[in-house]
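J.: heads up, no residue letters with this:
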């Protein structure tokens, strides 16, 4: 059974603004769906439409294979956790959690049982008689989750619940949410702008931009095989390096012209020339993640055959503890690489770096779409759309 | 620097004391005069406190003074005022509260236009609507009655109370209502269990303001009330203008104080809630 299906959904406001332009997503019951993107991409609007707090201009939304378009929020069998917790200020924690149960006329004895069980699960039993203003941020968050749990719904909705918490608390609560999901096995739809939350929590991630799903895939696939520049730059921290350069032929393979400031050369890529015939001698964008450019010591074992040594000029270093991030310039743009601290890079000194291009990706500089591999893929019936708006229906999914 | 600072300070205090005297002086005269007997009044020293403090003037103002044809003092009209003000204040506050709740959280087509129209009602001078209002009351057979007066005050109070409550309720986060809707609460459940418990400060403001406005009103009272429904403000005017030869200033002063006492008391008791309510937000944090 599908936990949540979003079929061809559009949303246009009365003033004419089109916020969602054809969303197609589906997840199995019990899966964790993440809607991620920067402000204004439409993810919160979509969540509100799933909840029934906003109308659907066109399309259908199904929860457990039941069309919910015309059902009010209370009949959709959902529960929601908000960014600002939205606890009722004049009621105690106990009343906050049982408010929904009271409205549904659940017998008082049953209410008490549910509240106690939920409070124990979230370790807030000692707070039940307090008012929200007497609680800390983390405690309020737990109460908000308790209120959702007490409903025992078919679908949980989270609207950026961790954004108001400090960094430490955020990591703690993230782990708790993941644990809760594992224990309860319910379908969850989670909205966030934080890509780390997306990667760590989700079974499937939908990256959104300007009302369109850029890519819909499991986390590792989004990380390794982004469908366009936006997804590649959004997921992963520090962000992927984007190198603008001319694609040239290098034997039967291709390469990209690079200028390190210390000299010019060609970086050989692992894409065949025949594959990229249309782009030879054109400007392309090469995407290479910082951890793929490193020193001898840290070079990853699976990179044996695709490593090339390049001398780079170090501009700035950022020691983070386990690694040191090295900032340089390549083809006139800022370039980040990750080396072992023992390598001891120093600013304004040259440093030999190993480029592992096995996981490199190529993008079209104008459209931002991926050009080195088949892009779109079917994922449980969902179809991802690239930035150029065209659906590239290729048979095989990229793995 | 020191001499200059204290010079400024002396000036400020002098000014403040001057204004205070200016404002309090008439009140002093009123209070002092009301406790004198006629002999002392005739002797003429207005500023001096009474030689003999007597409440005879107060008793006469309350029970036996003549207000036009009847001579039973202010008491029946005081009762009229009470019977008029309490329902008017309560109804206009509650209706204003529900209006404010709707306008702040339940968007509907024409909401902004409706709000603008209400605001315009707030600025219309009362004199301009006297005639149409009188016709309206006559048509519903409410002319010259207390219920008619209550209706007028409620209608004209709603403009203010709606604005007051709406501005207060917009500070309640929309997410709170979203959570309540998902929990299954409807329009009135949300009002009763979430909005009302948060409304105490602004109800205090609304009630105090409305009480003062309606109790102190003279215009509607004199136009829309008949001889039996007259509020105390109109009766006071009649009492002062009715003379039986000798002008009994002490009775007039006592009558004025009786009329003003309720609003004075309301401010003394509720004044701090008034200020608190105006500066409070609905939800902390």
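T.: Looks like it arrived, so ask away. A quick note: this is a predicted structure, and the numbers were derived from the prediction, not measured.
J.: May I see the domains of the chain written out as residue ranges?
T.: Since you didn't name a chain, this refers to chain A. Here the domain parsing of chain A from automatic domain parsing is A:2-233, A:238-363.
J.: not what I meant, chain B
T.: B:2-64, B:75-279.
J.: hang on, the earlier thing: mean pLDDT and mean neighbour count added to the domains of chain A, as a markdown table?
T.: Quick note: C-beta positions are derived from backbone N, CA and C, even for glycine. Putting the domains of chain A into a markdown table (pLDDT from 0 to 100; neighbours: other CB atoms under 10 Å in any protein chain shown) gives the following:
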| stretch | mean pLDDT | mean neighbour count |
| --- | --- | --- |
| domain A:2-233 | 92 | 19 |
| domain A:238-363 | 86 | 17 |
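J.: I'd like those domains as a markdown table, with distance to chain B appended.
T.: Output for the domains of chain A, formatted as a markdown table (distance: least, CB to the nearest CB, whole Å):
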| stretch | distance to chain B |
| --- | --- |
| domain A:2-233 | 4 |
| domain A:238-363 | 31 |
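J.: Go through these and name the closest to residue B:119.
T.: domain A:2-233 (23.5 Å; CB to CB).
J.: Specify the next element, helix or strand, located C-terminal of the helix or strand of chain B with the lowest mean pLDDT.
T.: Least confident helix or strand, chain B: helix B:38-43 with a mean of 84, by mean pLDDT, DSSP states H and E. Following helix B:38-43 in sequence order, the next helix or strand is helix B:56-59 (DSSP states H and E).
J.: from the stretch 1-150 of chain B, which residue is nearest to chain A?
T.: Residue nearest to chain A within the stretch 1-150 of chain B: residue B:109 (8.8 Å; CB to the nearest CB).
J.: can you list the domains of chain B in a markdown table and add mean neighbour count?
T.: Shown next, in a markdown table, are those (neighbours: other CB atoms under 10 Å in any protein chain shown):
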| stretch | mean neighbour count |
| --- | --- |
| domain B:2-64 | 13 |
| domain B:75-279 | 18 |
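J.: Out of those, which is closest to residue A:132?
T.: domain B:75-279 (10.6 Å).
J.: Could you confirm residue A:242 falls within a strand?
T.: Yes. Counting by DSSP: H, G, I helix; E, B strand; the rest coil, residue A:242 is found in a strand.
J.: if I look at it, how far off is residue B:178?
T.: 39 Å (CB to CB, to the nearest Å).
J.: Over to residue B:276?
T.: 29 Å.
J.: Nearest spatial neighbour of residue A:256, chain-adjacent residues omitted?
T.: residue A:245 (4.4 Å; CB to CB, 6 or more residues apart in numbering or on different chains).
J.: how about residue 235, what does it touch?
T.: With no chain named, the answer covers chain A. Contacts for residue A:235 (CB atoms under 8 Å, 6 or more residues apart in numbering or on different chains) come out as A:195, A:198, A:199, A:205, A:207, A:222, A:223, A:226.
J.: nope, chain B
T.: By CB under 8 Å, 6+ apart, the contact list for residue B:235 reads B:67, B:74, B:77, B:78.
J.: what bridges to residue A:213?
T.: In this structure, residue A:213 bridges to residue A:208 when assessed by DSSP bridges.
J.: what separates it from residue A:158, distance-wise?
T.: From residue A:213 to residue A:158 the distance is 18 Å (CB to CB).
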